[in-house]
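Enquirer: From the sequence below, what's the structure:
(chains A and B)
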There are 2 protein chains.
Amino acid sequence: MSAVQGLSAFPITPSGPDGRVDVAALRRIVAPLADAGVDSIGLLGSTGSYPYLTRGERRRALDAALDAAGGRVPILVGVGALRTDEALRLAEDARAAGAAAGLLAPVSYTPLTEGEVFEHFAAVARAGLPLCIYDNPSTTHFAFTPELVGRVARLDGVVALKSLAPPPEAMAAHLGALRAAGPAGLSIGYSVDWHAADALLAGADAWYGVAAGLFPARCLAILRAARAGDAAEARRLDAAMRPLWDLFKAHSSLRVAYAAAEALGICSAEPPRPLLPLPRALRDRVAEVVRGLGPA
Amino acid sequence: MSAVQGLSAFPITPSGPDGRVDVAALRRIVAPLADAGVDSIGLLGSTGSYPYLTRGERRRALDAALDAAGGRVPILVGVGALRTDEALRLAEDARAAGAAAGLLAPVSYTPLTEGEVFEHFAAVARAGLPLCIYDNPSTTHFAFTPELVGRVARLDGVVALKSLAPPPEAMAAHLGALRAAGPAGLSIGYSVDWHAADALLAGADAWYGVAAGLFPARCLAILRAARAGDAAEARRLDAAMRPLWDLFKAHSSLRVAYAAAEALGICSAEPPRPLLPLPRALRDRVAEVVRGLGPA
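Expert: This is a model prediction of the structure:
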C-alpha cells in the first residue's frame, strides 16, 4: 500500500504541561508537510511522544492532523500502548478516525517474550487497521528477529515494518535478511535519519524520518535522488544535513526536533516531563544549524 | 525509617482482563503477609504490575491492601509512571491513603538523562510522601550510578534505595559504593531473591522480595539468620529455595509468582496482557516446586 512507501514525516506533537495537545500548533506542523508532498505523515511516533499522551489526546491529535492534511497525504498513527487492550482500542479509534495505518511498537515494562509480542500484534490486528511493525529497541527494549518479523508480518493486516537502519556496511545484509523472512509485498522501511540515504540506495521501501517532519523538501530531494539511482547526489544532499545528524546523535532526535521547531518559528513547545528541553546553549546551537540549512 | 528495613514482601496484584483489580483476592494475599510479620509490603511493585494499572485501580488496590494489613505492617506502594505529573498524583494519592512510602522507578520510553531523572524525583518528592528509589534497569532501562543515587537521596523525603543485588562476589563493593555515595541514614536494600541472602549477610538494610510475597515465613527465617550473623544457616535456608530461584531465573519471577499463587490456592489470575501466563507444563513444574517447598 502506498501509505507505507516513500518518505514518511514524523513530527513532534506539541502539548502543554498538563498533557493537552496544542492542536493549533499541530496543524501548523502538519499542513506544510502535506504541502511539501511527503508520502505519509507518521503522527504520534516516538518523536510524537505517543506513550506520554492519553487516549483522548491521541484522538484529538489524529483528528486535527487528518483535517490539516485534508486528504492530501495518508496518516500513519502510533497505536502502541503498554496493555494489549489499550493498543486495540487505539487501533479502533485510528481506524474510525480515518488513519491509513497504525504504527505498533511492542511497548514494554516487564520484558516481553517473542510469543507475547506475537499475540499482542495478533490481538491489535483484529481492529482491522493496517499495521506497521514499529521495531525500535531503544525505546521498547524488545528487538525483533527476522524470524519474528516473518511470523508477525503474515498476520492479516500487517503491511509494513519500520526498522532501525544499521550502519551502511551492514545495510544490504540487514535488508536482505528481512526480505527473506517477510512475506512478498511487505514494505520494509527504516528510521535513523543519518543512515537513511544508504538505506534507500540499498532498496528500502520507506524512510520514516524525524528530519522529514521539519525539512520535508530536503528529505524528499534525498529520496528522489536515491530512487533515481543517483547515489552521488543522494549522498551530497545527505552530507549537507550532517550538522543536524550530529545533533540528533548527540542529544536525541526528539529533543533536537523540539528545539528545531522553535528555531523554525513553527511552535514553542517542550517535550512531556520527565523529558526536558535542551539547555539554552544547545538550543542556540540547534538554531544556528537550522539557519545554516536554510529553507525547509 | 522502619518501613524500609528488613523484609519487604512484593506480591502480585490480581486483576481481570479488563484491568480491574480483584481486591478480594488481593486481601487474601496481603493478610497472610501481615500475619507472618514481614516488615513491610511492597504493593504495586514490578511484580505487582503497577504500570499496567490505571490510577483509579492503583488506589483501589492500595485501599484494599491497607485495610487487609490493618495497620500491622507498613505498606510501600509503587508510584512510578511515565509522566512526571502522573507520578506526582500517584504519590499524592498514596500519601492521602496512608501508605508508608512510595516506590519510585524512573519508568521510561524515550531514554532519560541523569538530569531528567533527578528532576523527576525532585518533582514527585514534593508530594510529601517518603520515597524509595526503585532502581531496576531491566524494566526501566535506566541505571542509577552511585553518584546519582547520592544526589537523589539528598532530596527531602527520599529515604531508601532498592537496587538489584549483584552476584555475591560483587556484593560488598556494590554496597560499599552506594554507602559512600548516599547520605548517612539512607536505607539500602536489594531485590533479586537468589542473591538476597548474600546481600543481607553483606549488611544490606532490606530485602525487597518476590518470594516473600508467597513464602513470607521462609524468607523471614533467612533474614533472621543473616541478621544473627549465622551465615551457614542463612545459606542453608536459601539453598532450600533454589528450585524456586531456578524458575525465577528461567521464566521471570513475575510469571512464576502468578503460577505459584495458583498452586498455593491463593488466587487464579493471569498477568496483564501482553504478558502471558506460563504454559501448562511450566505451571505444573511451578506447582511441583511449591509442593516440594512445603508450608509458606
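Enquirer: Quick one: check the strand or helix carrying A:F118 for contact with chain B.
Expert: If you go by DSSP states H and E, A:F118 is part of helix A:114-125. Yes. Interface with chain B: helix A:114-125 contributes A:G115, A:E116, A:V117, A:E119, A:H120, A:A123 (C-beta under 8 Å from any C-beta of the partner chain). C-beta: built from backbone N, CA, C; applies to glycine.
Enquirer: could you give the mean pLDDT of that helix?
Expert: Helix A:114-125 carries an average pLDDT of 98.
Enquirer: Equivalent analysis for stretch A:139-154, please.
Expert: The pLDDT scores in stretch A:139-154 average 97.
Enquirer: ends of it, how far apart?
Expert: 24 Å (C-alpha to C-alpha, to the nearest Å).
Enquirer: Now that stretch: buried residues?
Expert: For stretch A:139-154, burial by neighbour count (16 or more other C-beta atoms under 10 Å in any protein chain shown) applies to A:T139, A:T140, A:H141, A:F142, A:F144, A:P146, A:L148, A:V149, A:G150, A:R151, A:V152, A:A153.
Enquirer: Could you look up the SS state of the nearest residue to A:I133 once chain neighbours are set aside?
Expert: Once flanking residues are discounted, A:I133 sits nearest to A:L161: 4.6 Å by C-beta to C-beta, 6 or more residues apart in numbering or on different chains. Three-state call for A:L161 (DSSP: H, G, I helix; E, B strand; the rest coil): strand.
Enquirer: beta partners for A:L161?
Expert: In this entry, A:L161 is beta-bridged to A:I133, A:I188, by DSSP bridges.
Enquirer: Wait, it touches A:L186, no?
Expert: Yes. Counting by C-beta atoms under 8 Å, A:L186 is a contact partner of A:L161 at 6.3 Å.
Enquirer: between the two, what contacts are shared?
Expert: Jointly contacting A:L161 and A:L186 under the rule C-beta atoms under 8 Å, 6 or more residues apart in numbering or on different chains are A:A153.
Enquirer: more crowded one of these two?
Expert: Neighbours were counted for A:L161 and for A:L186 using other C-beta atoms under 10 Å in any protein chain shown; A:L161 has more, 26 against 21.
Enquirer: quick one: contacts for the more buried one?
Expert: Counting by C-beta under 8 Å, 6+ apart, A:L161 touches A:C132, A:I133, A:D135, A:F144, A:V149, A:A153, A:L178, A:G182, A:L186, A:S187, A:I188, A:G189.
Enquirer: any idea how far B:T110 is from the third one?
Expert: Same thing as A:D135. 16 Å (C-beta to C-beta, to the nearest Å).
Enquirer: what does the first one give?
Expert: Counting by C-beta to C-beta, the gap between A:C132 and B:T110 amounts to 20 Å.
Enquirer: Those two - which one has more neighbours?
Expert: Per other C-beta under 10 Å, whichever of A:C132 and B:T110 has more neighbours is A:C132, with 30 against 21.
Enquirer: show me what contacts the closest residue to A:P167 other than its chain neighbours?
Expert: Closest residue in space to A:P167, ignoring its immediate chain neighbours: A:H195 at 6.5 Å, by C-beta to C-beta, 6+ apart. For A:H195, the contacting residues are A:A165, A:P166, A:P167, A:P168, A:M171, by C-beta under 8 Å, 6+ apart.
Enquirer: Now A:H195, what are its backbone angles?
Expert: For A:H195, the backbone dihedrals (degrees, to the nearest 10) come out as phi -110, psi 10.
Enquirer: May I have the predicted confidence score for A:G294?
Expert: On pLDDT, A:G294 comes in at 81.
Enquirer: wait, A:A3
Expert: If you check A:A3, the pLDDT there is 88.
Enquirer: Roughly how far does A:Y109 sit from B:D205?
Expert: 26 Å.
Enquirer: Compare those two and say which is more crowded by neighbours.
Expert: Neighbour totals were compared for A:Y109 and B:D205, and A:Y109 leads with 25 against 18 (other C-beta under 10 Å).
Enquirer: Is the closest residue to that one other than its chain neighbours in a helix, a strand, or coil?
Expert: Spatially, and ignoring its direct neighbours in sequence, A:Y109 is nearest to B:P51 (4.4 Å; C-beta to C-beta, 6+ apart). Per three-state DSSP, the secondary structure class of B:P51 is helix.
Enquirer: how many neighbours does B:P51 have?
Expert: Neighbour tally, B:P51, other C-beta under 10 Å: 23.
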